[in-house]
Structures are given as structure tokens and as C-alpha cells.
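Trainee: what follows is a protein structure lacking sequence information:
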Ligand SMILES: Nc1ncnc2c1ncn2[C@@H]1O[C@H](COP(=O)(O)OP(=O)(O)OP(=O)(O)O)[C@@H](O)[C@H]1O
Ligand SMILES: [Mg+2]
């Protein structure tokens, strides 16, 4: 579903010079799989997810999403994905239900189907209490749920979620985790980033750890354990960050 090959993206920064935010990254993610991207602050997770979502152009390398190339077929790629990023604004005067309707129409979901789907998502994400409240009056967790609902409304085969559970309380994070598992069960391909190790351990089929834009390791929890000799993901993570970047 997603194939990333030698993907690179640099930024020119006045003070820091050339920053290699994503440095020769390769991985692939199958249908029905949850792939977790872990890495310290500034590791390049958001940049990688933005590249795959076509919000940024790569400096070199390539990636395909459901067979479409991120550089030459970016509008096709965008139709395949639901993308969540922390800096995505909601329309202040619209309610969550109206936002879902707006984006559903934009994606040309038929009206009847759109009504059914948005009611279903509102129920599944436990949004009924605030689905008809203007979004500028919602709490940050409610806004986050609304943003996640928005990634689901056109029923895309691929979800790309940048820290979907950051700053959520435990019950709300659980609702989001469950919706990610539901998406997996319905055959979607999910790439997501998080700083919450327990959550990654619980949700992900495979995990990649990146640092300084480079892949340090990727595999199932068992493969990560075998490679590092550590048990818990937090220990594996810390162990990997101490290795030289060529490892
Ligand atoms: N638009 C930009 N211009 C210059 N540098 C950038 C830009 N976007 C990202 N970077 C740099 O790229 C590197 C990777 O940033 P990125 O946001 O991808 O990290 P991250 O892994 O998502 O971190 P976090 O966990 O803090 O969200 C950082 O050094 C960052 O400063
Ligand atoms: Mg980030």
C-alpha cells in the first residue's frame, strides 16, 4: 500500500545550515497493517508523513501510495489518504457534523452515504454530545476527535496520522486507539507517529525508530526485541538512540 524508497528532504536553515530532516528513509506498509513511527523530537517523523501525504516535495527519493507516485501523481495520492497533522485548523464557525459534511462533499461522497457515514463516525468516536456545537467552543480533545473524524469521512484506504493521541486524556485516547484498530480491521493501511511507547506497543504491527532523519530499525516487537536484547519498547527506543547513526 505504501512504499517509501530512499526518501530525502533537506531544509536550508540560516543558523543551522542544511538540515537533513529525512535522510534516505525506506520502508513499506501493507494493507491491514498499523506501522508506527517513533523518534525523538526533531527526528523527522512529521516531515516524513508530510512527504508521503504530498504536503511537501522530496529533495530526492520516492514513495508510492496505493500505486500512485507522491511526486508525479500527488492529487491521486491525496484521494487515497486521510491525513491528520497537529497544525490542521478547523473551521471555527462550523460544527463537527458540518465539517464532516463539508469535507465529505468535497470528496464527492453521495449525500445519503455521507449522512450515514458521519452519524456512524460521530457515534464511534463518541462525539454525540458536541457534534452540533461550533468548533471554536470545543475543548482541544473534542477538536482532535473532530480532526480524526475528518480523516475518515471519505473512507480512504490509507490513514496517515501524526500524533493522533497527543495531549488527549486516557478515555479519549482509548476511543482513538479503538478507531485506529477498527480501521485496521476494515483493511486500511495506517502509518502513525507517537511518543507514547505503551500505545505503540499495543497498537502497531510493526514499528520504525528514526533519529536524525534516518531509520535506526524497523520490525515487529519480537524482531526489535531480538535485535536489541531488550524487552520493553521504551528500553529498545533508548538503546537505539545511543547507537551511532550508521547502525
Ligand atoms: N519548514 C521547515 N524549515 C526548516 N526546518 C524544518 C522545517 N520543517 C522541519 N524542519 C526541521 O526538520 C527536522 C525534523 O522535524 P520534524 O518536524 O519532522 O520532526 P518530528 O520527528 O516530527 O519531531 P516532533 O517529535 O518534535 O514532532 C527538525 O530539525 C526541524 O527543525
Ligand atoms: Mg512532529
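Mentor: All right, it came through fine. Quick caveat: nothing in here was measured; it's all calculated off a predicted structure. Residues are numbered from 1 along each chain as shown. Ligands and ions are numbered 1, 2, ... in the order given.
Trainee: quick one: contacts for the closest residue to residue 140 other than its chain neighbours?
Mentor: With sequence-adjacent residues excluded and distances taken as Cβ to Cβ, 6 or more residues apart in numbering, residue 140 is closest to residue 167, at 6.3 Å. Bear in mind the C-beta positions are built from the backbone N, C-alpha and C, glycine included. Contact criterion Cβ atoms under 8 Å, 6 or more residues apart in numbering gives 140, 141, 144 as the residues in contact with residue 167.
Trainee: assign a three-state SS to the residue in the chain positioned nearest to ligand 2, would you?
Mentor: Going by Cβ to the ion, ligand 2 is nearest to residue 46 of the chain, at 3.1 Å. On the three-state scheme (DSSP: H, G, I helix; E, B strand; the rest coil), residue 46 is labelled helix.
Trainee: next, count neighbours for the nearest residue to it once chain neighbours are set aside.
Mentor: Closest residue to residue 46 in three dimensions, ignoring its sequence neighbours and counting by Cβ to Cβ, 6+ apart: residue 162, at 5.4 Å. With neighbours defined by other Cβ atoms under 10 Å, the count for residue 162 comes to 22.
Trainee: and the residue nearest to residue 140, that one's in a helix?
Mentor: No: residue assignment for residue 167, taken from three-state DSSP, gives coil, which places it outside any helix.
Trainee: against ligand 1, how distant is it?
Mentor: Computed as Cβ to the nearest ligand atom, to the nearest Å, the residue 167 to ligand 1 distance reads 12 Å.
Trainee: could you number the chain from 442 rather than 1 from now on?
Mentor: That works, and once the first residue is 442, the last one we named lands at residue 608.
Trainee: got a pLDDT number for that residue?
Mentor: What the model reports as pLDDT for residue 608 is 82.
Trainee: same check on residue 686?
Mentor: So residue 686 comes in at 47 (pLDDT).
Trainee: how about the residue nearest the centre of the chain, secondary structure?
Mentor: The centroid of the chain falls nearest to residue 602 when counting by Cα atoms, centre = their mean (1.8 Å). Residue 602 falls in the strand class when you classify it by three-state DSSP.
Trainee: what's opposite it in the beta bridge?
Mentor: Per DSSP bridges, residues listed as beta-bridge partners of residue 602: residue 525, residue 633.
Trainee: try residue 478
Mentor: Partner residues in beta bridges with residue 478: residue 634, residue 649, with DSSP bridges as the criterion.
Trainee: got the residues of this structure near ligand 2?
Mentor: 486, 487 (Cβ under 5 Å from the ion).
Trainee: could you say what helices and strands the longest helix belonging to the chain packs with?
Mentor: When the chain is scanned for its longest helix (criterion: DSSP state H), the result is helix 611-626. Packed against helix 611-626 by the contact rule (3 or more Cβ pairs under 8 Å, 6 or more residues apart in numbering; DSSP states H and E) you find strand 475-479, helix 552-565, helix 581-593, strand 599-603, strand 630-634, helix 638-644.
Trainee: where does this structure dip in pLDDT?
Mentor: 529, 684-688 (pLDDT under 70).
Trainee: show me which residues of it are close to ligand 1?
Mentor: Among all residues of the chain, those adjacent to ligand 1 (criterion: Cβ under 6 Å from any ligand atom) are 452, 454, 460, 462, 480, 482, 483, 484, 485, 486, 487, 488.
Trainee: what values do phi and psi take at the fifth one?
Mentor: Note on residue 480: its backbone torsions stand at phi 170, psi 160 [degrees, to the nearest 10].
Trainee: the residue lying closest to it once chain neighbours are set aside: which element?
Mentor: In space, and not counting its chain neighbours, residue 480 is closest to residue 651: 4.1 Å by Cβ to Cβ, 6+ apart. Assessed by DSSP states H and E, residue 651 sits inside strand 647-652.
Trainee: same check, this time on residue 490
Mentor: When elements are defined using DSSP H and E, residue 490 is found to belong to helix 486-493.
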